[in-house]
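[1] this one's sequence-less:
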C-alpha cells in the first residue's frame, strides 16, 4: 500500500470517527473526552493539509454549535477560531508518540521561521472553562453581547449579560469609536455550589450550567447566580490607541474596569519555561475557585498577528496546552448490562464510589462488549475512571498489576437480561430483538416524549416511569389515551399538572410524521433520516406500503432507495442498502404497524406538516450539491431550504445532479460539474429558484 493510499484511508477513518463522536456529543452522550476529540480533529486537519484536500471539501469541524431557537444570530466581524493544541496523544509522521515539549518546540520553530526572528517573546495565560463571549462597545458603552456560536456566527445575549451585572456596561476612558472585547463567562465553584443547592434538579457542572443560564429568554434573576466574567482580548477597534503587546493590553483592559487575570500571566522567551509554567499551574488546579481546562501560549507582540495569519481552523499566533482529564482509581465491583430504547445491550461498570471532576461516581460506561474485551475489564479490577467531556463517567484503563488471581473475563450475554429473549449481533453491538421487552418499552416511551421527538410538555422521565409502572402504559398511542384523573392520581401530580400534561399530549398530536418517526426509536432512524423519510413519502400509509414492497423484494422499491450500481444514489440521501434493509423490515413488522394504527386511532397526525414541506416547482424532485462558502447562507440553512421546497441535497456530483450551487473556493465539485455538464449556479440563482419557499 502506497503512502498516499495509506493516508487517504486514515483520513476516511478519521472522518467516520469524528462524525460518530460529534453525533454522540450532540445527543448528550459523549463517549470520549473533549481532548481526545480535539486530537482526532487535529490529526484530520494535518492529513487534509498533507494530502492537499481543499478546505471546502473537508469536514465542517468548526467550534461547537450553540445556536438556540428564539435568539438573534449575528456574524462575527473577526471569526472566533479555536486554537491549535498541544496533545499527549499526538504522533509524529512516523506514527511515534510526540512529547509535548517536542510539539511546543516545533510550534516555536515554525513561528520563528515565519517571522525571521531569533527570539520570540510569549505570554502564558490561564484557560478558564466557561463560555466565550464577544462584547461590542461604542464610545465605551456596551451595545451588544454575542456567544461564540460556530465561530462565524453567534447568538445575541445582550439582555442576559446586562442582567448579570458582572460585565462593565461602560468602559472607563475608552474614547470614541467601536471596539470588540472578548472574554469568558464562567461560574466560580463556590457560587455554583451555592446556586445548585437551591435547585430541585441540580445542574451537571459549572460550564454547562453557565451556558444554560445565559440562554434563558427571561434574564430576571441572573444577577443572583454569581456568574462572573473575565477578558483577554481586543479583537478589533476603530481608532482606539491600544498598547502594542498582549501583556499591556490586559493592563489596559483592567484600567478600564474589565476583570482580567493579570496576576496569573507569565512572560518568557523560553519554550521550556512556558511548558514548566503550564505544568506547575496544572498542579494548582484543585485549589482554584474556577474550573480550568488548560493554558494559552500567545505571542506577546500584537503587531505580528496579521503577518502570521490563520488557517480556517485556528490562528497561528497562539497554541493551547490542554490539561488531561482528571483520572481516579477505584475498584470495579460488578458489570451490569442495560437495555436501551433500540434494544441495544450496553455493559455498565458498577464502581466503588469515587470523587471525579466534581461529583461522586458509582457507575461508568463501558460502551460495548468489543470495547470491554479490548480493555480486558474484569470484575474486581482496579480501574481508572474519568469523565468524557467532563460529564459522562467512563472506564479508560485497567491496572492489571493489581488484578487478583482467578479474575474472569466478562462474557457478553446470549439472552436479554430483562426478558430472556435470545440476542442478535450487528457489527460491534448486541441487541434484544423483543419489542415488548420491559426495559425497551420504558426507554422508547421516554424517547418518544422527549424534546427532540414528540416534545410532550410535562412528560419527563419520572412521569413516564410512573405511567409505565402504575398505569401499565406500553405503547406510544396509550400515552394519548391517558385522562386527567389518572394522571392527577400519580405521585407529585395534581389537577393542574395533570391538565398541563394532557394539553401537552394534545399539542403533540400535530407534530407531524417526521417527529413521529424519530420518536419511534427505529434503528438507523435519527432526526435527519426521519425528516428525509417523511419528506419523501409524505404519509405513513405510503411509507408502510413501500416498506411492504421492499421487504417482499420488489425490484422497483429496492432500486428506488438502494440502487444496484454503487455509483448511483437512491431517492433518500444517506440511506445505504444495509440501513435500508434494517429500517424497512422494522417498519413492516407487526409491532410497528400496530403502533402506527394505534396512533392513527387517537388522532396523531401521520402526514408531513404543511409547514415542513412547501414544494416549489423549480426545486421539487431536483438534486443539488453545495460547494464552497455561500455569501449569506450557511450550508445547513441552504440544505434545509432546499428540502423544504421538495428538493434533495447530495454530497457528491454525478450525472443525476441537477444543480451545483457554488460559493467562494468551490473546490473539486465545481470542476467535476463542469466536466459532466452539470449546471452551476450561485446563491442568488438558488434563492430565485426557491422563490417563496420560505
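    Looks like it came in fine. Quantities reported herein were computed from a predicted structural model and do not represent experimental measurements. Residues are numbered from 1 along each chain as shown.
[2] Please count neighbours and contacts with C-alpha atoms only from this point.
    OK.
[3] Which residues are in contact with residue 278?
    Residues near residue 278 by Cα atoms under 8 Å, 6 or more residues apart in numbering: 124, 294, 295, 321.
[4] Swap in 7 Å and give it another go.
    Shown in contact with residue 278 (Cα atoms under 7 Å, 6 or more residues apart in numbering): residue 295.
[5] can you tell me how far it sits from residue 105?
    According to Cα to Cα, to the nearest Å, residue 278 stands 15 Å off from residue 105.
[6] Next, work out how far apart the closest residue in space to residue 202 that isn't next to it in sequence and residue 190 are.
    Once flanking residues are discounted, residue 202 sits nearest to residue 196: 5.4 Å by Cα to Cα, 6 or more residues apart in numbering. For residue 196, the distance to residue 190 (Cα to Cα) stands at 10 Å.
[7] The two: who's more crowded?
    When residue 196 and residue 190 are compared for neighbours, residue 196 comes out ahead with 18 against 12, by other Cα atoms under 10 Å.
[8] Surely that one and residue 209 touch.
    No - with contact defined as Cα atoms under 7 Å, residue 196 does not count as touching residue 209 (9.3 Å).
[9] ok, the closest residue to residue 483 other than its chain neighbours - how many residues close by?
    In this structure, residue 483 finds its nearest non-sequential neighbour in residue 502, 7.2 Å apart by Cα to Cα, 6+ apart. Neighbour count for residue 502, taken as other Cα under 10 Å: 23.
[10] Which of the helices or strands spans residue 267?
    For residue 267, the host element (DSSP states H and E) is strand 266-268.
[11] which outside residues touch that strand?
    Counting by Cα under 7 Å, 6+ apart, 121, 122, 123, 124, 125, 274 sit against strand 266-268.
[12] Now with 10 Å, please.
    For strand 266-268, contacts defined as Cα atoms under 10 Å, 6 or more residues apart in numbering pick out 120-126, 247, 273-274, 277-278, 297-300.
[13] ok, now stretch 208-225?
    Identification of contacts with stretch 208-225 by Cα under 10 Å, 6+ apart yields 66-71, 129-132, 147, 155-166, 185-187, 191-192, 194-196, 202-203, 206-207, 226-228, 390-391.
[14] how about low-confidence regions in the stretch 551-694 of the chain?
    For the stretch 551-694 of the chain, applying pLDDT under 70 flags the ranges 564-569, 573-574, 610-613, 636, 651, 665, 667, 692-694.
[15] residue ranges for the strands of it, please.
    623-627, 648-650, 659-662, 679-681 (DSSP state E, counting those that start in this stretch).
[16] mind checking which helix or strand of the chain has the lowest mean pLDDT?
    helix 3-26 (a mean of 66; mean pLDDT, DSSP states H and E).
[17] Just the buried ones among the contacts of stretch 208-225, please.
    66-67, 129-132, 147, 155-166, 185-187, 191-192, 195-196, 203, 206-207, 226-228, 390-391 (16 or more other Cα atoms under 10 Å).
[18] domain ranges for this structure?
    When the chain is parsed with automatic domain parsing, its domains come out as 1-61, 103-322, 328-410, 438-508, 514-601, 623-690.
[19] now for these, which one comes closest to residue 76?
    domain 103-322 (5.5 Å; Cα to Cα).
[20] Any idea how far that closest one is from the middle of the chain?
    Computed by Cα atoms, centre = their mean, to the nearest Å, the separation of domain 103-322 from the middle of its chain amounts to 22 Å.
[21] Pull up the distance across it, start to finish.
    13 Å.
[22] Which members of the contacts of strand 266-268 are classed as buried?
    Buried members of these, counted by 16+ other Cα under 10 Å: 120, 122-126, 247, 274, 277-278, 297-300.
[23] Dump the residues you listed to CSV, plus pLDDT and distance to residue 579.
    Converted to CSV, the buried ones among the contacts of strand 266-268 look like this (pLDDT from 0 to 100; distance: Cα to Cα, whole Å):
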residue, pLDDT, distance to residue 579
120, 93, 54
122, 96, 52
123, 96, 52
124, 96, 49
125, 95, 48
126, 93, 46
247, 95, 56
274, 94, 51
277, 94, 51
278, 93, 47
297, 96, 46
298, 96, 47
299, 96, 50
300, 95, 53
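[24] Which ones among the residues you listed map onto strands?
    Residues of the buried ones among the contacts of strand 266-268 located in strands (DSSP state E): 122, 123, 124, 125, 126, 297, 298, 299.
[25] how much space between the first one and residue 108?
    Shown here: residue 122 relative to residue 108, a distance of 10 Å by Cα to Cα.
[26] any common contacting residues for these two?
    Between them, residue 122 and residue 108 share these contacting residues under Cα under 10 Å, 6+ apart: 270, 271, 299.
[27] Nearest to residue 477 among these?
    Distances from residue 477 to the shared contacts of residue 122 and residue 108, taken by Cα to Cα, are shortest for residue 299, at 61.6 Å.
[28] ok so, going back, to residue 523, which of the strands of the stretch 551-694 of the chain lies closest?
    The minimum distance between residue 523 and the strands of the stretch 551-694 of the chain falls on strand 648-650, with 22.5 Å, by Cα to Cα.
[29] other SSEs contacting the closest one?
    helix 527-537, strand 623-627, helix 635-644, strand 659-662 (3 or more Cα pairs under 10 Å, 6 or more residues apart in numbering; DSSP states H and E).
[30] go again using 8 Å as the cut-off
    strand 623-627, helix 635-644 (3 or more Cα pairs under 8 Å, 6 or more residues apart in numbering; DSSP states H and E).
[31] contacts for it?
    572, 573, 620, 621, 622, 623, 624, 625, 626, 639, 642, 643.
[32] What of stretch 491-501?
    For stretch 491-501, contacts defined as Cα under 8 Å, 6+ apart pick out 456, 457, 458, 459, 466, 484, 485, 487, 488.
[33] Tell me where the stretch 451-600 of the chain has helices.
    Using DSSP state H, counting those that start in this stretch, the helices of the stretch 451-600 of the chain run over residues 461-466, 476-480, 484-488, 495-508, 513-519, 527-537, 540-551, 555-561, 577-587, 590-601.
[34] Distance from stretch 584-598 to the middle of the chain?
    31 Å.
[35] So what touches that stretch?
    With Cα under 8 Å, 6+ apart, stretch 584-598 has contacts from 435, 475, 476, 477, 478, 522, 540, 544, 547, 548, 550, 551.
[36] Tally up the residues packed near the residue lying closest to the fourth one once chain neighbours are set aside, please.
    Taking Cα to Cα, 6+ apart as the measure, residue 477 lies nearest to residue 599, with 4.8 Å between them; neighbours along the chain are not counted. Close neighbours of residue 599, defined as other Cα under 10 Å, add up to 22.
[37] Surely residue 599 is in contact with residue 479?
    No - applying Cα atoms under 8 Å, one finds residue 599 not in contact with residue 479, separated by 9.7 Å.
[38] thinking again about what came up before, from the buried ones among the contacts of strand 266-268, which two are the most distant?
    Farthest pair in the buried ones among the contacts of strand 266-268, by Cα to Cα: 120 and 126, 19.7 Å.
[39] I'd like to know how far the closest residue to residue 316 other than its chain neighbours sits from residue 677.
    Distances taken as Cα to Cα, 6+ apart put residue 310 closest to residue 316, at 5.2 Å, once the chain neighbours are dropped. For residue 310, the distance to residue 677 equals 35 Å [Cα to Cα].
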